[in-house]
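Asks: Need coordinates for the below:
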Amino acid sequence: MFLGTHTPRLDDKGRLTLPAKYRDELRGGLMITKGQDHCLYVFPRAEFEQLARKVAEAPFTNESVRAYQRYLFAGTDEQVPDAQGRIPIAAELRRYAGLSKECVVIGAVSRLEIWDAQAWQAYQERYEDAYAQAQQEVLPGIF
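Replies: Okay, here's the model as predicted:
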């Protein structure tokens with residue numbers, strides 16, 4: 001399970017060092033793809049394969065499904081972390097997420113999300129009050 005917030009930096013070669021606590025789970029390979037809200041999603045390979053199967057099963061006769069499938073699959077990059085836990089982030093993915101040197105990696109249970117640090121700060125400021133009040137709507141009866 002991926003949890004927590006970490007603040008790695010992109011190096012001059014566009015590589016990001018994964019937080020140490022996630023490296024064992026991602027050692028065998030990972031998939032980086034465009035996420036919602038202009039962040040990147042990082043899935044363990046097996047988790048992404050499950051997602052990909054579900055997306056591929058959607059009816060491709062639907063125009064929205066085809067567009068989503070194309071965008072998801074064309075925008076996905078497979079990587080294996082090096083011995084230092086670094087992964088290269090493709091230029092197109094860096095552009096999509098607006099990544100600068102300062103990044104934030106957050107755990108989102110089944111995936112990691114990579115955010116530009118300023119974009120993450122803005123996102124938090126935008127949704128902080130809504131989060132505090134959404135508990136009953138999003139998770140009725142849980143808390």
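
Asks: Just the element for residue 46, please.
Replies: Using DSSP states H and E, residue 46 falls within helix 45-57.

Asks: Can you pull out the low-pLDDT segments for the protein?
Replies: Applying pLDDT under 70 to the chain flags residues 135-143.

Asks: Now do the helices in it.
Replies: 20-26, 45-57, 63-74, 91-97, 117-138 (DSSP state H).

Asks: what would those helices look like in TSV with mean neighbour count and distance to residue 106?
Replies: Heads up, the C-betas are built off the backbone N, CA and C, glycines and all. Shown next, in TSV, are the helices of the chain (neighbours: other Cβ atoms under 10 Å; distance: least, Cβ to Cβ, whole Å):
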stretch	mean neighbour count	distance to residue 106
helix 20-26	14	11
helix 45-57	13	16
helix 63-74	12	20
helix 91-97	16	13
helix 117-138	12	7
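
Asks: if I pick the residue positioned nearest the centre of the chain, what's in contact with it?
Replies: Geometric centre of the chain, nearest residue: residue 41, 1.6 Å, by Cα atoms, centre = their mean. Going by Cβ atoms under 8 Å, 6 or more residues apart in numbering, residue 41 touches 32-35, 108, 111-113.

Asks: May I see the residues you listed organised as TSV, with neighbour count and distance to residue 4 added?
Replies: Listed next are the contacts of residue 41 as TSV, based on neighbours: other Cβ atoms under 10 Å; distance: Cβ to Cβ, whole Å:
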residue	neighbour count	distance to residue 4
32	24	19
33	22	21
34	18	22
35	22	17
108	14	10
111	20	13
112	26	10
113	20	11
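
Asks: In strands only, show me the residues you listed.
Replies: Counting by DSSP state E, the contacts of residue 41 place 32-34, 112-113 in strands.

Asks: Show me what the spatially closest residue to residue 112 that is not a sequence neighbour bridges to in the sheet.
Replies: Nearest non-adjacent residue to residue 112, counting by Cβ to Cβ, 6 or more residues apart in numbering: residue 42, 4.0 Å away. Note on residue 42: beta-bridge partners by DSSP bridges are residue 32, residue 112.

Asks: so who does residue 42 touch?
Replies: So residue 42 contacts 26, 30-32, 87, 105, 111-114 (Cβ under 8 Å, 6+ apart).

Asks: Quick check, residue 118 in contact with residue 104.
Replies: No - judged on Cβ atoms under 8 Å, residue 118 makes no contact with residue 104 at a distance of 9.4 Å.
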